[in-house]
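Enquirer: here's my sequence, what's the structure:
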Amino acid sequence: MNDPLTLDALQRSDLSLAAPFSLQATGLDSMVCEEIYRHLPGRRLVFRTHWGGAHVLVKLFFRRKDFARERSGLKAMEDAGVPCPGEVWSLKDSTGKRGDFLATAFLENAISLRQVYASRPLEAMLTLLSDAVAMIGRLHRAGVMQADIHLDNFLCRDGVLFMIDGGGIQPLKKPLHNLAMFFAQMVPEYDQLMPQVIQAYGAGAPKPEQLQPLIARMREKRIRHYLAKTIRDCTQFQRLKVRSAFVVMARQRVTDRLLQVITQPEVAVGQATFLKRGNTATVMKLAGDSGSWVLKRYNIKDVWHGLGRALRRSRAWISWQNAHRLELLGIATPRPLAMRENRAGLFCQGAYLVTEWSSGESLQAWLLRHGPAGIPDWLDREVSRLFAIMWLGRVSHGDMKATNLIVCGEQLQLIDLDALRRHRCKWFFKAAYGKDLQRFMDNWQGKTWQHFEQLLRPYAGQCGIKLINKKV
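Expert: Take a look at the predicted model:
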């Protein structure tokens, strides 16, 4: 291991800082950072280390106000009767200019509520969500709230839930909004559990009909906040400095191969297999690190087309953000890996999008092989779920042809996202949603059309249309 890092060096470090490393601080024996959990350069470093024969979680704060907020927040949680990791030791820098340490108990073998949520079916979440809502209720009755209320701030160990992040504890404001933001962390289909788990809030529990509209608003607020992060340098995303281009990548997926593709896209084009050659878009398949990727190049047809798109966001940019929107809504789509816009000043001059390759086949091809009698229950659930979430998320796709729906195992993936749109106006949304339903139905005929018409009739009723069989 290299020489110990000083607090000054840690404060200057960027997101490339990696464990393990040792560090030194006045009044503190040398310790080894074994794993980094959170790093906000120049502000905070959260890591695991050994202390007194056991693991502890250490938070190193480079701003005194953050240290004070964390300690007072932990105390507020304890006073409210909310299970949380207790303080083990703390060390304040006497100068107040370098860094303050706060060590808390390390919850061995604990996993975040987000990890549980991602791995368990909806019905299995009822108890844990009730426990989380009960904690929120206790905080609210104590006059405080977890302002940064997301699923990673709840840890589960042996079926027991703990709340972490004392720095997010603030005086109570708008308790309904705070509670709605908790439910907004999950995809819309989890809203059906809300009427059951809200009872765990205790005294002052709101009525479900009060909370439901707020959940939709808070979910959209959360999505917009996340989409803003997808185009800047942060924990989840990496923005590259490339001459005459805007480039952003999913940080956890950054590899030498992906860097090569996105920094030299035309070289990658020469190595790719062409799937579609269009005037405005070229779609290719190429080798990735451990599988295949899709490289989509958005072309400029001519001078007039270039002028029309010069000051607008590219279709790659739109597809990049729409893919992340769908992910937050729980709609499957090939994972976006990187996006590039070629630029001359403020003017866009073509763009590229790299996504994972979907190994499935189009819904149209899949149904041709299986026939109308072979439509399984899981496919009905997937189609119904897709249109249900689109309705709840006020999202329209814009081109719901069967080749834009990919059957992958027992999952339906949605592709070609550059026309996908989230609508603020309810009237315009209903019209666009109705067009999506009808365009989906236009793919079919005979018994297949009748089958899907019966399945989707309730959704057509929601937007006030009647599905028409145009192939009769």
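
Enquirer: now do the same contact list for Tyr190.
Expert: 122, 125, 183 (C-beta atoms under 8 Å, 6 or more residues apart in numbering). Yep, even glycine has a C-beta here, placed from its N, CA and C like the rest.

Enquirer: surely the first one touches Asp191?
Expert: Put plainly, it is Leu122. No - under the criterion of C-beta atoms under 8 Å, Leu122 is not in contact with Asp191, lying 10.6 Å apart.

Enquirer: more crowded one of those two?
Expert: A side-by-side neighbour count of Leu122 and Asp191, using other C-beta atoms under 10 Å, places Asp191 first with 18 against 14.

Enquirer: SS state for the nearest residue to the more buried one once chain neighbours are set aside?
Expert: Using C-beta to C-beta, 6 or more residues apart in numbering and skipping the chain neighbours, the partner closest in space to Asp191 is Ile215 (6.1 Å). With DSSP: H, G, I helix; E, B strand; the rest coil as the basis, Ile215 sits in helix.

Enquirer: for Lys59, pull up the helix or strand it's in.
Expert: In this assignment (DSSP states H and E), Lys59 forms part of strand 54-61.

Enquirer: in a helix, Val116, correct?
Expert: Yes - counting by three-state DSSP, Val116 is located in a helix.

Enquirer: ramachandran angles for the nearest residue to it once chain neighbours are set aside?
Expert: Excluding the flanking residues, the one nearest Val116 by C-beta to C-beta, 6+ apart is Cys156, at 5.6 Å. The phi/psi pair for Cys156 (degrees, to the nearest 10) reads phi -110, psi 130.

Enquirer: for Cys156, report the pLDDT, please.
Expert: For Cys156, the pLDDT comes out at 95.

Enquirer: same question for Arg309.
Expert: So, for Arg309, pLDDT stands at 55.

Enquirer: ok, now Leu346?
Expert: pLDDT recorded at Leu346 is 64.

Enquirer: again with Met31
Expert: 86.

Enquirer: wait, it touches His55, no?
Expert: No - Met31 lies out of contact with His55 (C-beta under 8 Å); the separation is 11.6 Å.

Enquirer: now the common contact residues for those two.
Expert: Common contact partners of Met31 and His55 (C-beta under 8 Å, 6+ apart): Thr49.

Enquirer: helix or strand for the residue sitting nearest the centre point of the chain, which one?
Expert: Geometric centre of the chain, nearest residue: Leu328, 4.8 Å, by C-alpha atoms, centre = their mean. Taking DSSP H and E as the definition, one finds Leu328 inside helix 315-329.

Enquirer: for the closest residue to Ala323 other than its chain neighbours, give its distance to Glu356.
Expert: Counting by C-beta to C-beta, 6+ apart, Pro336 is the residue found nearest to Ala323 once chain neighbours are left out, at 4.2 Å. Relative to Glu356, Pro336 is positioned 8 Å away (C-beta to C-beta, to the nearest Å).
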